[in-house]
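Asker: Need a 3D model of the following:
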Amino acid sequence: MKHVEIYTDGACRGNPGRGGWGAVLVYRGIEREMSGGEAMTTNNRMELTAAIEALAALKEPCRVTLTSDSKYLVDAIEQGWARSWKAKGWRKADKSPALNPDLWEKLLNLLDTHEVELVWVKGHDGHPYNERCDKLATAFADSFPEPTTADAPDGENI
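Answerer: Down below sits the predicted model:
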């Protein structure tokens, strides 16, 4: 089974606001960069999307080391919270709705396809791939026009 290293990051200009995600996949020294985003989203949605898009890009089941600066992503998987939320109909332990069930569903399916080890790194702390993913994510977020009040959920000021 091939071993692929994946590095991901998500960014948001405002929360919610203009968002971007970035990923770098490394296999046998060859690197592939990926990025994308949404005009109105949250940082957590972008963190999850980065992992989803990177894992979905793999053409066959792989052993993956996925490195992220998102405690939301890493802890929800490593601590078993996401699978528990799913088992409870996307409800958390306190019965409140789990956020981003659409993305968690996709991610859990991909985690069932690949053998994934998650690694957390501190963000903005000089990790070369994390810094690179941050640049990809923020560049994509910045590619969207500044939102206006009309773009905000429920007409909130941005």
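Asker: got any ranges where the chain has weak pLDDT?
Answerer: Within the chain, the stretches with pLDDT under 70 are 147-158.
Asker: what about residue 57, neighbour count?
Answerer: Using other C-beta atoms under 10 Å, residue 57 has 13 neighbouring residues. Glycine gets a C-beta too; all of them are placed from N, C-alpha and C.
Asker: Okay, helices next: where are they in the protein?
Answerer: 43-56, 71-78, 81-87, 101-113, 128-142 (DSSP state H).
Asker: Please identify the buried residues of stretch 76-83?
Answerer: Of all the residues in stretch 76-83, those buried under the rule 16 or more other C-beta atoms under 10 Å are 76, 77, 81, 82.
Asker: how about the nearest residue to the second one, chain neighbours excluded?
Answerer: Just to be clear, that refers to residue 77. In this structure, residue 77 finds its nearest non-sequential neighbour in residue 118, 5.6 Å apart by C-beta to C-beta, 6 or more residues apart in numbering.
Asker: which residues touch the closest residue to residue 10 other than its chain neighbours?
Answerer: In space, and not counting its chain neighbours, residue 10 is closest to residue 46: 2.9 Å by C-beta to C-beta, 6+ apart. Residues near residue 46 by C-beta atoms under 8 Å, 6 or more residues apart in numbering: 10, 11, 12, 19, 20, 21, 37, 38, 137, 141.
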